[in-house]
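[1] structure, please.
(one chain, ligands or ions: 1)
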Amino acid sequence: MTAGICRGRVVIVTGAGRGLGRAHALAFAAEGARVVVNDLGVGPDGAPGPDSPAGRVVDEIRATGGEAVAHGGDVASGEGAASLVAAALDSFGRLDTLVNNAGFLRDRMLVNLDEDDWDAVMRVHLKGHFLPLKHAAAHWRAEAKAGREVAARVVNTSSGAGLLGSVGQGNYSAAKAGVVGLTLVAAAEMSRYGVQVNAIAPAARTRMTERTFAATMAAPDEPGAFDAMAPENVSPLVVWLGSAASAGVTGRVFEAEAGRITVMQGWHPGPTADRAARWSPAEAGETALKLLAESQPPQPVYGTR
Ligand SMILES: NC(=O)c1ccc[n+]([C@@H]2O[C@H](COP(=O)([O-])OP(=O)(O)OC[C@H]3O[C@@H](n4cnc5c(N)ncnc54)[C@H](O)[C@@H]3O)[C@@H](O)[C@H]2O)c1
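    All right, here's what the predicted structure looks like:
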């Protein structure tokens, strides 16, 4: 068996046929995990694609001596999510880590955002996180109740757009902010069963970003220079969070990009006023302005600087 921090673990990575998910799947396999490589094989906007690229990533893992199976289902459907967890249990007899990563974009300014663009993006990111998480959580709860030791890990994928907002991405920002809320609740609910749940906000060069942010995402010209925006740079943190080595870390959000890892700190109460009686609207406004003057300004929304 391969050495590594995920030796003996079974890991599901959704949307792992390309981009960040593929890099995570290969990195888990390199650390000794057996991997279920999920990908529905859709276009950059979620339109049906010709085939699932999951099999090619499985071939890459097997070529290096690792173990992996492909799953071509839709993670945002009940059947797809249930069969995904079943694929891990049927193929490898256990499940230790779930990396929710699959997704796509339908970027538009709010006034041009169709209901279908809203529904499709909310569905793939939010429901596509919730359903695999629910099926995996049910398995881990049953394991814990049967008296078996569980050291399970979930890594969800948010985005800077979900943490700070992003112009032209109202649907995506709302979905990715929702992923953070789901992460906090799942971490709180599942800790008693030995399940840790964290989220990352990555940035890397994939088909999702290589055109829109072409200059920022470009690979370096000089041979041997650090390719900062390669998706492989995000995976080490994901692998560690998905391993038993991250014991004690749950309900946290990390930005991961290039050579940088940042703990993102969430909402904290700022300046407050309480007079134990109802304010009039004018008084409430006056007080709000005073408190705002004492508060820290928010981080700029992406696309406004
Ligand atoms: N690339 C970045 O800089 C960046 C930044 C922030 C967040 N993210 C997030 O990281 C994740 C991966 O993005 P990426 O950049 O690697 O994109 P990508 O398009 O390269 O890969 C996403 C994969 O998900 C698959 N997929 C889509 N819908 C699916 C479904 N319903 N079921 C199963 N598979 C499905 C696609 O076929 C695709 O292979 C996404 O959640 C994205 O929102 C990426």
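
[2] which elements pack onto the longest helix belonging to the chain?
    For the chain, the helix with the greatest residue count under DSSP state H is helix 170-190. If you count contacts as 3 or more Cβ pairs under 8 Å, 6 or more residues apart in numbering; DSSP states H and E, helix 170-190 packs onto helix 115-122, helix 128-145, strand 152-157, helix 160-164, strand 195-203. For glycine as for every other residue, the C-beta is placed from the backbone atoms N, C-alpha and C.

[3] kindly reformat these as TSV and extend each row with distance to Gly49 and mean pLDDT.
    Shown next, in TSV, are the helices and strands packed on helix 170-190 (distance: least, Cβ to Cβ, whole Å; pLDDT from 0 to 100):
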stretch	distance to Gly49	mean pLDDT
helix 115-122	15	98
helix 128-145	16	98
strand 152-157	20	99
helix 160-164	24	98
strand 195-203	22	98
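
[4] can you give me the neighbour number for Val249?
    15 (other Cβ atoms under 10 Å).

[5] that should have said Pro297, apologies.
    6.

[6] any idea how far Ala174 is from it?
    22 Å (Cβ to Cβ, to the nearest Å).

[7] so what's Thr262 up against?
    Taking Cβ atoms under 8 Å, 6 or more residues apart in numbering, we find Thr262 in contact with 254-256.

[8] quick one: which of those is nearest Leu26?
    Of all these, the one sitting nearest Leu26 is Ala256; the distance, using Cβ to Cβ, is 16.1 Å.

[9] so the closest one makes contact with Glu232?
    No: checked against Cβ atoms under 8 Å, the pair Ala256 and Glu232 is beyond contact range at 11.4 Å.

[10] so which of these two has more stuff around it?
    Taking other Cβ under 10 Å, Ala256 and Glu232 do not tie; Ala256 has more neighbours (21 against 14).

[11] ok but the more buried one is inside a strand, no?
    Yes: assessed with DSSP: H, G, I helix; E, B strand; the rest coil, Ala256 lies in a strand.

[12] distance check, it against the ligand.
    Distance of Ala256 to the ligand, computed by Cβ to the nearest ligand atom, to the nearest Å: 10 Å.

[13] residues in contact with that residue?
    By Cβ under 8 Å, 6+ apart, the residues touching Ala256 are 200-203, 233-234, 237-238, 262.

[14] next one: Gly259
    Counting by Cβ under 8 Å, 6+ apart, Gly259 touches 226, 228, 233.

[15] distance of the last one from the ligand?
    In other words, Asn233. In terms of Cβ to the nearest ligand atom, Asn233 sits 11 Å off from the ligand.
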